[in-house]
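Colleague: Fold the following and give me the result.
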Amino acid sequence: MEVEARAWTAQLAKAEADILQASQKLEKEFKERNRNSLQNGGQEIPDPIKLVRRLTALELALENLKNDCEFIATKRTEIVKSVMETQVKNVTQVQEMLGLTDRKTMPFRRSIEEPDEDDGTLADLTQKMTYQCDFLVDANEAC
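Modeller: Numbering: from 1, shown residues only. Sure thing, here's the model as predicted:
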């Protein structure tokens, strides 16, 4: 077991040395090509190691951005649903108050019944919000 552990450690050390050597070779080659390009009037060639590091950082940032977007989308849907529930309560109270003042709710063009089933999409929630707002406008006009 100990022999295998030493062999494994030796392989890892060799791999690390190989990677370091390849990295140094790449950096040396890059410097030479960049120097030749600049001497010939060309543009500066970006450092590939810095580019790889930057790409890695961007990948991490994109993952964080994706998570933030998903969180915001979830919260947005929750807020819209909460506002809709509040509107339903308000409309119900308006209907009750109209009943107390001997006004009929029948002149409204709409009822509090929501159209169709809830499919949970933002478009559906937006449609329902618009519908409920129009209902409140109708109730206000009837007063």
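
Colleague: and the protein, what are its domains?
Modeller: With automatic domain parsing serving as the domain definition, the record reports that the chain contains domains spanning 1-45, 75-143.

Colleague: where among the ones you listed is the average confidence lowest?
Modeller: Per-segment confidence across the domains of the chain bottoms out at domain 75-143, which has a mean of 69 in mean pLDDT.

Colleague: now the host helix or strand of Ser23, how far from the chain's geometric center?
Modeller: Assignment of secondary structure by DSSP states H and E places Ser23 within helix 2-39. Relative to the chain's own centre, helix 2-39 is displaced by 38 Å; criterion: CA atoms, centre = their mean, to the nearest Å.

Colleague: And the next helix or strand past that helix?
Modeller: Moving toward the C-terminus from helix 2-39, the next helix or strand (DSSP H and E) is helix 48-100.

Colleague: what packs against that following helix?
Modeller: Counting contacts by 3 or more CB pairs under 8 Å, 6 or more residues apart in numbering; DSSP states H and E, the secondary-structure elements packed against helix 48-100 are helix 2-39, helix 122-142. The way it works is simple: take the backbone N, C-alpha and C, and place the C-beta from them, glycine included.

Colleague: what's the most buried one of those helices?
Modeller: Per-residue neighbour counts averaged over each of the helices and strands packed on helix 48-100 give the maximum for helix 122-142, namely a mean of 15 (mean count of other CB atoms under 10 Å).

Colleague: roughly how far apart are Arg6 and Leu12?
Modeller: Taking CB to CB, to the nearest Å as the measure, Arg6 and Leu12 are separated by 11 Å.

Colleague: er, Ser82 actually
Modeller: Distance, Ser82 to Leu12, using CB to CB: 55 Å.
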